[in-house]
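S.K.: Can you look at this prediction? I've put the sequence above it.
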Amino acid sequence: MTHDGTTPLAYKALKEMSDSVWDNEKIVVAFDHNVPANTVKAAEMQKLALEFVRRFNIKNFHKGGEGICHQILAENYVLPNMFVAGGDSHTCTHGAFGAFATGFGATDMAYIYATGETWIKVPKTIRVDIIGKNENVSAKDIVLRVCKEIGRRGATYMAIEYGGEVVKNMDMDGRLTLCNMAIEMGGKTGVIEADEITYNYLKKERGLSDSEIAKLKKERITVNREEESYYKEIEIDITDMEEQIAVPHHPDNVKPVSEVEGTEINQVFIGSCTNGRLSDLREAAKYLKGREVHKDVKLIIIPASKKVFMQALKEGLIDIFVKAGAMICTPGCGPCLGAHQGVLAEGEVCLSTTNRNFKGRMGHINSYIYLASPKVAAISAVKGYITNKLD
Ligand SMILES: CC(C)[C@H](C(=O)O)[C@@H](O)C(=O)O
Ligand code: SF4
């Protein structure tokens, strides 16, 4: 998979290697980062990417408005046991299906497109078990807590394998959120063993037949853990955990919400490949229903895909958001990487459900990004400052 940002680069490199692609049915191109194109440069890049799609008759092409590349992959393509190569660092998201999924640079993607081959070292694995019970926290709070524990370089070139009772009972949306942030710890990938929750999702949401699922189960690759021990094992008990916030300027700069409560905000963004799925929008709607966004706050909500958008419309979630005063934008990355649809001015503060709060990422170099769950984002949008309490 490559998107509107990386397809043009991969195409340029491919032209120097080959006159053909390895398999036009195994390549996915999805426009999501700058859709609709917001600058002439973005439009030119999409034009070049389109040339690639046409020239090689790429079957799986998503022209924009259909969603973030990772959500498109999750909704249509990724299966357990697959090797997923993506020209985007958050390709690690798809380990949530019990696949091996990782990001590659555009030149590596070009080689993969030309030959169907690549190489990686087998990563060491950090095992993270999440235990306990706590209805106040979500997958996002958990992954922020893990980022704090492991740190920005603590999982460099490693796989982060999630398990434990909390993960065993977590839905696919939450599992995708967990795996999505592996790269923020330097990880090669996040991974969760495929289980009944995975197979039920594939049956219900993707329409896989019982025999297709039986085949996947049969092909499952297992590792003998007595021989292949983990590099490190971590256990996190969420029972008394507060909601978590990553403060500027790195996702491992994590604090419990009470330590930053009261920080005034100018913008809230609910969306991205971390937290733009249906369960995230449902969670946000719980707190925005019948309420108004604070007069000094801009709230931007972007469903992660067309499918999520349409379901949110059907359930009345979009109605709730618009009534509350939110701005709804086209499914895609939106302001996550500061390209468009809500860039920040100097000194502005954004509370975001995304995965990166690097300095200047969402706009002016002197702006500030805090990362949180959809629940904390929605409540804070109403209050005008960071908080987990409505009253
Ligand atoms: C633009 C793209 C290459 C980049 C990535 O690889 O992650 C983007 O998606 C991001 O989140 O910063
Ligand atoms: S939503 Fe953000 S993090 Fe995800 S792929 Fe797009 S820009 Fe990257």
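M.R.: That came through fine. Ligands and ions are numbered 1, 2, ... in the order given.

S.K.: Tell me, how many residues neighbour Ser283?
M.R.: Careful, residue 283 is Glu and not Ser. 23 (other Cβ atoms under 10 Å). Every residue, glycine included, has its C-beta placed from N, CA and C.

S.K.: Kindly report the same for Arg206.
M.R.: With other Cβ under 10 Å as criterion, Arg206 counts 14.

S.K.: and what of His294?
M.R.: Applying other Cβ under 10 Å, I find that His294 has 18 neighbouring residues.

S.K.: who touches it in this structure?
M.R.: Ala381, Val382, Lys383, Gly384 (Cβ atoms under 8 Å, 6 or more residues apart in numbering).

S.K.: Between the residues you listed, which sits nearest Val53?
M.R.: Ala381 (38.0 Å; Cβ to Cβ).

S.K.: In contact with that closest one, which residues?
M.R.: Counting by Cβ under 8 Å, 6+ apart, Ala381 touches Ile265, Val268, Leu288, Val293, His294, Val297, Leu299, Ala326, Leu351.

S.K.: Which parts of the stretch 1-150 of the chain are helices?
M.R.: 7-15, 40-55, 69-76, 106-115, 139-150 (DSSP state H, counting those that start in this stretch).

S.K.: Neighbours of Glu228, how many?
M.R.: Each residue near Glu228 was counted by other Cβ under 10 Å, and the total is 10.

S.K.: tell me the secondary structure for it?
M.R.: Following DSSP: H, G, I helix; E, B strand; the rest coil, we place Glu228 in the coil state.

S.K.: Okay, the nearest residue to it once chain neighbours are set aside and Gly290: tell me how far apart.
M.R.: Among residues not flanking Glu228 along the chain, Thr125 sits closest, at 7.9 Å (Cβ to Cβ, 6 or more residues apart in numbering). Distance, Thr125 to Gly290, using Cβ to Cβ, to the nearest Å: 46 Å.

S.K.: Please compare these two by neighbour count and tell me which comes out ahead.
M.R.: Shown here are Thr125 and Gly290; by other Cβ under 10 Å, Thr125 has more neighbours (23 against 8).

S.K.: Could you pick out the residues of the chain near ligand 2 for me?
M.R.: Proximity of the chain to ligand 2, by Cβ under 6 Å from any ligand atom, involves residues His33, Ile68, His70, Asp88, His90, Ser272, Cys273, Cys333, Cys336, Leu337, Thr354, Asn355.

S.K.: Of all residues in the chain, which one is closest to ligand 1?
M.R.: Relative to ligand 1, the nearest point of the chain is Ser89 (3.5 Å; Cβ to the nearest ligand atom).

S.K.: Looks like that residue contacts Ile183 (just checking).
M.R.: Yes. Between Ser89 and Ile183 there is a contact under Cβ atoms under 8 Å: 4.9 Å.

S.K.: list the residues that contact both of the two?
M.R.: Joint contacts of Ser89 and Ile183 (Cβ under 8 Å, 6+ apart) are Gly103.

S.K.: more neighbours, the two?
M.R.: Neighbour totals were compared for Ser89 and Ile183, and Ile183 leads with 24 against 16 (other Cβ under 10 Å).

S.K.: residue contacts, the more buried one?
M.R.: Applying Cβ under 8 Å, 6+ apart, the residues near Ile183 are Ser89, His90, Cys92, Gly103.

S.K.: Among those, which one has the most neighbours?
M.R.: Cys92 (29 neighbours).

S.K.: Just the pLDDT for that one.
M.R.: Looking at Cys92, its pLDDT stands at 98.

S.K.: Likewise for Glu228?
M.R.: pLDDT, Glu228: 73.

S.K.: what's the answer for Ala159, then?
M.R.: You'll see Ala159 listed with a pLDDT of 98.

S.K.: ditto for the one 3 residues further on
M.R.: The model reports Tyr162 with a pLDDT of 98.

S.K.: Can you tell me the closest non-neighbouring residue to Lys63?
M.R.: Spatial nearest neighbour of Lys63, excluding adjacent residues (Cβ to Cβ, 6+ apart): Phe31 at 5.8 Å.
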